[in-house]
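Peer 1: Pasting a predicted model and its sequence here:
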Amino acid sequence: MFPNAGDAKSALNGSFIMMSHVKFLEAGGARIVPVSYKLDQNQLNQVLSQVNGIYIPGDSPAVL
């Protein structure tokens, strides 16, 4: 069910994972598994039941 980390960009139909994030997490011993935001609830539950954690990158809001 999981794509290879090397296929991360194409596996998610045009989604993008910054390689610097991937390398940072791998340096800490993580194994990267891209999870599509297009999964339905059942598919997402199935994927999440097979991993130990999930990393959701984001940015802090701009301070005005």
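Peer 2: Noted; the coordinates are in hand.
Peer 1: going forward, measure contacts and count neighbours with C-alpha atoms only.
Peer 2: Noted.
Peer 1: Quick check: which ranges of the chain have low pLDDT?
Peer 2: Within the chain, the stretches with pLDDT under 70 are 1-14, 60-64.
Peer 1: which stretches of it form helices?
Peer 2: Using DSSP state H, the helices of the chain run over residues 8-11, 19-27, 41-48.
Peer 1: Go through those and name the closest to Asp59.
Peer 2: Closest to Asp59 of the helices of the chain, according to C-alpha to C-alpha: helix 19-27, at 12.8 Å.
Peer 1: which residues touch that closest one?
Peer 2: With C-alpha atoms under 8 Å, 6 or more residues apart in numbering as the test, helix 19-27 has contacts from Arg31, Ile32.
Peer 1: Just the buried residues of it, please?
Peer 2: Across helix 19-27, burial judged by 16 or more other C-alpha atoms under 10 Å covers Val22.
Peer 1: Just the CA trace of that helix, in CSV.
Peer 2: Presented in CSV, the C-alpha positions along helix 19-27 are these (Å, rounded to 0.1, in the frame of the first residue of the first chain):
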residue,chain,number,x,y,z
MET,A,19,13.6,16.7,0.3
SER,A,20,15.2,18.7,3.2
HIS,A,21,12.4,17.5,5.5
VAL,A,22,12.8,13.9,4.3
LYS,A,23,16.6,14.0,4.9
PHE,A,24,16.2,15.6,8.3
LEU,A,25,13.7,12.9,9.4
GLU,A,26,15.8,10.1,7.9
ALA,A,27,18.9,11.4,9.8
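Peer 1: can you put the helices of the chain in a markdown table and add distance to Pro34?
Peer 2: Converted to a markdown table, those look like this (distance: least, C-alpha to C-alpha, whole Å):
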| stretch | distance to Pro34 |
| --- | --- |
| helix 8-11 | 6 |
| helix 19-27 | 10 |
| helix 41-48 | 10 |
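Peer 1: Which among those is found nearest to Val33?
Peer 2: The closest of the helices of the chain to Val33 is helix 8-11. By C-alpha to C-alpha, the value is 8.0 Å.
Peer 1: before we move on, back to that, nearest to Ile56, of the helices of the chain?
Peer 2: Closest among these, using C-alpha to C-alpha: helix 19-27, at 10.3 Å.
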